[in-house]
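Participant: no FASTA, just this:
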């Protein structure tokens, strides 16, 4: 059974983002948020990019990509308490996050 509804998947395809309330336990998102804030404070960590479609800003920046390979991001995706990995896998039409990322 898919963790996401067809409507959620279609909304993600159309809007480029998906809100999943309570998908990630507090202990996991707090560590991840602290890492993101740390990255934002690092000179050179923000590079040009992103989409202005949903932001309301004329220009944007995005993190340089190091966060994606961090322990905190890995935990968000793979921890059994987190629904994020299942949601990402569903968006990629896979049954598990390990299959989605080739693991």
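Facilitator: Yes, it's here. Here the structure is a predicted model, which means the values were calculated and not measured.
Participant: can you give me the strands in this protein?
Facilitator: For the chain, the strands defined by DSSP state E cover 46-48, 61-63.
Participant: check which residues of the last one are buried.
Facilitator: Put plainly, it is strand 61-63. residue 63 (16 or more other CB atoms under 10 Å). The C-beta positions use only the backbone N, C-alpha and C, and glycine is treated the same way.
Participant: off-centre distance for that strand?
Facilitator: In terms of CA atoms, centre = their mean, to the nearest Å, the centre of strand 61-63 is found 14 Å from the chain centre.
Participant: who's in contact with it?
Facilitator: Applying CB atoms under 8 Å, 6 or more residues apart in numbering, the contact partners of strand 61-63 are 36, 39-40, 45-50.
Participant: surely residue 64 touches residue 40?
Facilitator: No. Using CB atoms under 8 Å, residue 64 is not in contact with residue 40, being 10.8 Å away.
Participant: give me the common contacts of the two.
Facilitator: The contact lists of residue 64 and residue 40 share residue 46, where a contact means CB under 8 Å, 6+ apart.
Participant: of all the contacts of strand 61-63, which two lie farthest apart?
Facilitator: Farthest-apart pair in these is 36 and 48; separation 18.2 Å (CB to CB).
Participant: more neighbours: which of those two?
Facilitator: The neighbour count for residue 36 versus residue 48, taken as other CB atoms under 10 Å, is higher for residue 36 (17 against 8).
Participant: ok, the more buried one - contacts?
Facilitator: Residues in contact with residue 36 (CB under 8 Å, 6+ apart) are 63, 67.
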